[in-house]
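1. Just a sequence and a predicted model for now, questions to come.
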Amino acid sequence: MATLTFKKGSTPHILHTTFMAGDSLTYDEAYENKKIRHLTQRVADLNKKFVEANITSPLMVIDEANERGGTHARYFYRGVGCPFEHRAGARGY
């Protein structure tokens, strides 16, 4: 059986525990609240952990408007009670 392991306190661990709690993050929120830089790359690193463990990734993403007049990606997990999972435009990572 495949196992998924994280080093406690690592960025993938922080993202995993945040998403498992049903929370979601955008780039700005990740930097302001969690001090995580380069969220897109960190989410890719997290997804790679699922691929390496041969586990279907629960990562999802939805595009939404940001305060600067553009759009940004909001990342979250499916199946943990995140309200964004059932919104139009939500898709697997």
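-> Happy to help now that I have it. The shown structure was predicted, so the numbers you read here are calculated from the model rather than taken from an experiment. Numbering: from 1, shown residues only.

2. Show me the strands in the protein, by range?
-> 25-26, 59-65, 71-77, 91-92 (DSSP state E).

3. Which residues does the third one contact?
-> With Cβ atoms under 8 Å, 6 or more residues apart in numbering as the contact definition, strand 71-77 has outside contacts at 15, 19-20, 22-28, 39-40, 43, 58-66, 82, 84-85, 93. For the C-beta atoms, the positions are set from N, CA and C on the backbone; glycine is no exception.

4. Would you mark the buried spots in it?
-> 72-77 (16 or more other Cβ atoms under 10 Å).

5. from these, which single one is nearest residue 6?
-> residue 77 (14.0 Å; Cβ to Cβ).

6. hmm, back to that, take the strands of the chain and write them to TSV, including mean pLDDT and distance to residue 7.
-> Output for the strands of the chain, formatted as TSV (pLDDT from 0 to 100; distance: least, Cβ to Cβ, whole Å):
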stretch	mean pLDDT	distance to residue 7
strand 25-26	96	19
strand 59-65	95	19
strand 71-77	95	19
strand 91-92	94	26
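
7. And the helices in the chain?
-> 11-20, 27-34, 39-52 (DSSP state H).

8. centre of the chain versus the longest one, how much separation?
-> So the one you mean is helix 39-52. 9 Å (Cα atoms, centre = their mean, to the nearest Å).
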